[in-house]
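# could you look at this predicted model? Sequence included:
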Amino acid sequence: MHPDTPADGQSLEQLFAGRGVDVDDMYARMKGLMDAEGLPYGKRTHTYNSRLAQELGKWADTQEGGEAIHDALYRAYFVDARNIGDIDVLLDVARSVGLSEDAAREVLERRTFKSEVDADWTKSRQYGVTGVPTFAAGGYGVVGAQPYEAIEELVKNAGAASRGDNAT
């Protein structure tokens, strides 16, 4: 969500400077939420430019078994604190899920899926996305890691019937 992030990343302190964000408190909150859901979550000190990772993910979606790259990218970034803006890291991730390293390198070097990701970014701006994750339905949205109740409220606001409403 920060396309101006340099290739070598930026410290979280720099990213949140002047915004009154306590990085350690933010980590503790997210770690608690992730632990409650049984999801792995590591401590990061930096944020990295994810643009190339997004392009690699778009390509992977066109490959058999490529959907596995999304979990692998999550793990690389949010668990292992790796720089997912670095081509060598991305090639390692692609290889780890059984995708062709040579094909992945070509996609990244030629920026084959740049226009598809550009279109996603345009749509995101139209929807008012300001952070990840963002959940959108029926013209409503919530931004950031949210409790179940917030997602449930979003779905209700979007017009979905509750399971009780469908009972016969």
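Yep, that arrived.

# where does the chain have low pLDDT?
1, 164-168 (pLDDT under 70).

# how about a cut-off of 90?
The chain contains residues with pLDDT under 90 at 1-8, 15, 33, 37, 123-148, 159-168.

# outline the domain layout of it.
Using automatic domain parsing, the domain parsing of the chain gives 10-127, 128-168.

# winner for burial among the ones you listed?
domain 10-127 (a mean of 15; mean count of other CB atoms under 10 Å). (Each C-beta comes from the backbone N, C-alpha and C, glycine too.)

# that domain: how far from the chain's middle?
6 Å (CA atoms, centre = their mean, to the nearest Å).

# what about it, how long is it end to end?
26 Å (CA to CA, to the nearest Å).

# ok so, going back, closest to residue 3 out of the domains of the chain?
Within those, the stretch nearest residue 3 is domain 10-127; the backing value is 6.3 Å (CB to CB).

# circling back to that earlier point, in CSV: the domains of the chain, plus distance to residue 4.
Formatted as CSV, these follow (distance: least, CB to CB, whole Å):
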stretch, distance to residue 4
domain 10-127, 8
domain 128-168, 15
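
# hang on, residue 134 packs against residue 141?
Yes: using CB atoms under 8 Å, residue 134 is in contact with residue 141, at 5.9 Å.
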